[in-house]
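Colleague: Quick one, fold the following:
(one chain, ligands or ions: 1)
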Amino acid sequence: MTLDTSTDSVNTDVKSGIATITLNRPDRRNAWDDSLGEGLESAFTATAFDDSVRCIVLTGAGSAFCSGADLAAGFPSLPSGHDDLTGTLRRRFHPGFLAMLDSPKPVIAAVNGPAIGAGACLALAADIAIMDRQHAYLQFRFSAIGLMPDVGATALLAEAVGAQRAIEIFMLAEKLGAERCAELGLVSRITDDLDTDVHELANRLASGPTAAFATTKRAVRAWTQSQMACQLELEAALQQSLIATQDWREGRSAFLEHRMPTFTGK
Ligand SMILES: CCCCCCCCCCCCC[C@H](O)CC(=O)SCCNC(=O)CCNC(=O)[C@H](O)C(C)(C)COP(=O)(O)OP(=O)(O)OC[C@H]1O[C@@H](n2cnc3c(N)ncnc32)[C@H](O)[C@@H]1OP(=O)(O)O
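Modeller: Predicted coordinates:
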């Protein structure tokens, strides 16, 4: 059954108690624009309150999981004429991310391909992440375009690997393959048969004590992420401060012109 929250960019299909939420912009490698953000929020909100849903699987259509911010998408300008990154983060990214993080149902991220920037944040926001060994990687690629991490990455990655290693990962912005992600504890499992393993785990969780899972998640996240809303605001304010830098303009131009950026530190 397809939930009526499905949109062109995010499709939700419910079968045997398992809701599969699919990021569905494969021609843009599931890049996160307004439509995908709205679809994410709608899908996780609807499944949170649907008693027929006892487990959620998030995955990507096509070859990627999620390629992060849609770098070709425009965004509003402030009265000063600067790009409004704070407003973009608050409206385009935070609602869908928080709806996923706050879901009372068990959430599995089936990382089928590259999960980059905000896309990597979705993988970290899941309760259990399973990665395709050959095709999937996480890349916290913010610095490669002259930006800092956002969409909760500064909290989630630091919690997962510790502050020092998180800062290294952010600064180097390297691709973290499945084996490396497993070594770092960023994902629960890696597999050569993603569909089979995800289906087996989802069935197991969908047969579990759903209310107990919900209270377990609520208690753990109360301990680890009670400050998430404040952290998102801090990230957004600091991200906005980068707008005035030459490196942001260079990072943006370089991506759009398909070339390597030359950063000056200004
Ligand atoms: C620097 C520009 C900024 C401009 C505005 C930014 C938006 C607002 C910012 C708010 C604050 C930031 C919030 C967010 O947290 C920040 C991030 O997420 S940073 C990470 C950004 N993402 C990337 O840098 C990834 C870019 N993509 C890739 O590396 C590769 O495409 C891939 C995902 C590894 C897949 O590679 P391939 O399979 O080889 O596919 P192609 O590269 O050929 O791509 C196919 C097709 O899809 C288009 N596309 C892919 N990713 C994006 C994307 N993120 N945004 C827009 N379009 C994307 C690509 O251009 C191709 O299109 P075509 O050329 O065929 O028309």
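
Colleague: So which residues of the stretch 1-150 of the chain form helices?
Modeller: Using DSSP state H, counting those that start in this stretch, the helices of the stretch 1-150 of the chain run over 34-48, 85-88, 94-101, 118-125.

Colleague: Flag every residue of the stretch 51-200 of the chain that's near the ligand.
Modeller: Contact residues (CB under 6 Å from any ligand atom) of the stretch 51-200 of the chain with the ligand: 63-64, 67-73, 75, 85, 88-89, 93, 114, 116-118, 141-142, 145, 147, 150-151. Glycine gets a C-beta too; all of them are placed from N, C-alpha and C.

Colleague: Drop anything exposed from those residues.
Modeller: 64, 67-71, 75, 85, 88-89, 93, 114, 116-118, 141-142, 145, 147, 150-151 (16 or more other CB atoms under 10 Å).

Colleague: winner for burial among the helices of the stretch 1-150 of the chain?
Modeller: Burial of the helices of the stretch 1-150 of the chain is given as mean neighbour count (mean count of other CB atoms under 10 Å); helix 118-125 ranks first at a mean of 27.

Colleague: Could you check how far residue 246 is from residue 266?
Modeller: Residue 246 sits 5 Å away from residue 266, going by CB to CB, to the nearest Å.

Colleague: ok, now residue 174?
Modeller: Residue 174 is 24 Å from residue 266, where distance means CB to CB.

Colleague: Between the two, which has more neighbouring residues?
Modeller: residue 174 (15 against 8; other CB atoms under 10 Å).

Colleague: so that one touches residue 138, yeah?
Modeller: No - contact status for residue 174 versus residue 138: not in contact, 9.8 Å apart, counting by CB atoms under 8 Å.

Colleague: Where does the stretch 101-250 of the chain get nearest to the ligand, which residue?
Modeller: Closest approach of the stretch 101-250 of the chain to the ligand (CB to the nearest ligand atom) occurs at residue 117, with a separation of 2.3 Å.

Colleague: Quick one, grab the pLDDT at the residue positioned nearest the centre of the chain.
Modeller: Nearest residue to the geometric centre of the chain (CA atoms, centre = their mean): residue 122, 2.1 Å. At residue 122, the predicted lDDT confidence score is 98.

Colleague: Run a quick neighbour tally on the residue nearest to it when sequence neighbours are not counted.
Modeller: Leaving aside its sequence neighbours, residue 122 sits nearest to residue 66 (CB to CB, 6 or more residues apart in numbering; 5.8 Å). Residues lying near residue 66 (other CB under 10 Å) number 30.

Colleague: Residue 66 contacts residue 125, correct?
Modeller: No - Residue 66 is beyond contact range of residue 125, at 11.3 Å (criterion: CB under 8 Å).

Colleague: all strands in the stretch 51-200 of the chain, in order from the N-terminus.
Modeller: 55-60, 107-111, 115-116, 128-132, 137-139, 175-177, 189-191 (DSSP state E, counting those that start in this stretch).

Colleague: what is the orientation angle of the first one with helix 34-48?
Modeller: Orientation note: strand 55-60 sits at an angle of 170 degrees relative to helix 34-48 (axes from the mean of the first three to the mean of the last three CA atoms, to 10 degrees).

Colleague: And the fourth one, by the same measure?
Modeller: Using the same axes, to 10 degrees, the inter-axis angle of strand 128-132 relative to helix 34-48 is 130 degrees.

Colleague: Show the contacting residues for the residue nearest to the centre of the chain.
Modeller: Taking CB atoms under 8 Å, 6 or more residues apart in numbering, we find residue 122 in contact with 40, 58, 65, 66, 97, 100, 109, 115.

Colleague: can you list the weak-confidence ranges in this structure?
Modeller: For the chain, the stretches with pLDDT under 70 are 1-6.

Colleague: show me the residues around residue 61 that make contact.
Modeller: Each residue near residue 61 by CB under 8 Å, 6+ apart is listed here: 11, 22, 23, 24, 25, 26, 30.

Colleague: Now a PyMOL select for only the buried ones of those.
Modeller: To isolate the buried members of these in PyMOL, using 16+ other CB under 10 Å:
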select buried, resi 11+22+23+24+25+30
